[in-house]
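>>> sequence first, predicted model second:
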Amino acid sequence: MAELSMKKFLLISLASLALIGLLPASVAKAHDPIILTKNQSTPADGPLLPDGTISFALYGSLESPADTRGFRVNFVEGDSLYLSILIPDLALENQLDDASLPFVELTDPSGAKTKLSVSDKVSFAEPFTGTNYVRLTELTTVAISGTYSVMITGNSPSRFTVSVGQKEMFGTPVENISNRDLGVGGVMSWYNNSSTLATETQSPEAQSNVTPSSEPEVLTQTEDVENSQPTLLVTALFAAIVAIAIAVKSSKKRNKNEQ
């Protein structure tokens with residue numbers, strides 16, 4: 001009987017691990033969001049990320065040609081340095097030519113500069129929020145010790161996202177930021193707000209003919225479905241854990257009675 005109970009325990013444990021593996025990639029690879037403001041036009045004015053290996057996503061908008069946004073990020077010698085720049089896969093950003101798209105100027109602690117401009121566009125959906133992006137380029141290298149400066153600029157108004165780091169850790173204290181609590185709501189507001197850019201770059205006739213790359217109804221349905229998946233899976237995982245606890249308790253009670 002004890003052997004049978006142990007087999008049941010192992011089967012339930014394996015089921016729980018399988019459920020963890022089914023959690024959506026968007027949940028497992030989420031970035032800690034930060035919204036850059038128009039006052040953060042230089043790295044010195046922008047946020048200071050304490051650890052460049054932690055995954056952050058910095059969202060901002062260039063409001064005019066040659067406008068800039070900036071932030072800083074600390075690394076330790078030998079750290080993995082990952083950085084990428086994205087745009088929302090929406091008008092007007094996905095209608096810009098390569099020369100007009102935003103790019104990154106990265107300055108390391110020694111003063112050496114690296115320009116990250118468009119290299120290989122990759123479109124992808126973020127199912128957890130029902131949003132769509134185009135990755136313009138990415139950089140993976142080994143960091144030196146010190147503070148890196150990151151400047152984002154471009155030749156046309158546009159929204160952008162800069163992703164830094166790959167280690168999941170939410171709520172890390174960040175210096176020089178006053179809107180840390182905006183979270184996902186701030187990201188969705190940024191994603192859906194293209195009216196200012198449209199006014200600055202297009203005539204009224206052109207604006208009336210602009211449509212997003214994805215149908216709004218489809219995005220809404222996707223968001224509802226995908227947002228429900230993590231909740232359902234976590235609930236199922238909780239139920240499996242409870243089942244494990246009951247099985248262990250029953251096994252102990254049965255063994256005690258047999259003795």
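Cool, got the structure. What you see is a predicted model; the values in this text were computed from it and never measured.
>>> so where's the chain shaky on pLDDT?
Counting by pLDDT under 70, the chain has low-confidence residues at 1-30, 195-259.
>>> let's see 50
By pLDDT under 50, the low-scoring segments of the chain are 4, 14-29, 195-196, 198-236.
>>> from the recorded domain assignment, give the ranges for it.
2-21+227-258, 31-214 (automatic domain parsing).
>>> mind checking the longest strand of this structure?
The residue-count maximum for a strand in the chain (DSSP state E) belongs to strand 131-142.
>>> can you give me the helices in the stretch 1-150 of the chain?
Listed in chain order, the helices of the stretch 1-150 of the chain (DSSP state H, counting those that start in this stretch) span residues 2-21, 25-28.
>>> now do the SS call for the closest residue to residue 35 other than its chain neighbours.
Once flanking residues are discounted, residue 35 sits nearest to residue 186: 4.6 Å by CB to CB, 6 or more residues apart in numbering. (C-beta placed from N, C-alpha, C; glycine too.) Classification of residue 186 by DSSP: H, G, I helix; E, B strand; the rest coil places it in helix.
>>> straight-line length of stretch 60-78, end to end?
Length of stretch 60-78, first residue to last, CA to CA, to the nearest Å: 29 Å.
>>> phi, psi for residue 153 please.
Per-residue torsions, residue 153: phi -150, psi -180 (degrees, to the nearest 10).
>>> if you could redo that for residue 191, that was the one I meant.
For residue 191, the backbone dihedrals are phi -60, psi -40 (criterion: degrees, to the nearest 10).
>>> what do you get for residue 67?
Residue torsions, per degrees, to the nearest 10, at residue 67 are phi -60, psi 160.
>>> look up how far residue 38 lies from it.
Distance of residue 67 to residue 38, computed by CB to CB, to the nearest Å: 8 Å.
>>> higher neighbour count, those two?
residue 67 (19 against 11; other CB atoms under 10 Å).
>>> would you put the C-alpha positions of stretch 44-58 in CSV?
Extracted in CSV, the C-alpha atoms of stretch 44-58 (Å, rounded to 0.1, in the frame of the first residue of the first chain):
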residue,chain,number,x,y,z
ALA,A,44,22.2,61.7,-17.0
ASP,A,45,18.5,62.8,-16.8
GLY,A,46,17.1,59.3,-17.2
PRO,A,47,16.7,56.3,-14.8
LEU,A,48,19.8,54.5,-13.4
LEU,A,49,19.3,50.7,-13.6
PRO,A,50,21.3,49.1,-10.8
ASP,A,51,22.0,45.8,-12.5
GLY,A,52,22.1,45.4,-16.3
THR,A,53,21.5,41.6,-16.1
ILE,A,54,18.0,42.2,-14.7
SER,A,55,15.3,42.3,-17.5
PHE,A,56,13.9,45.8,-17.9
ALA,A,57,11.8,47.3,-20.7
LEU,A,58,12.0,51.1,-21.2
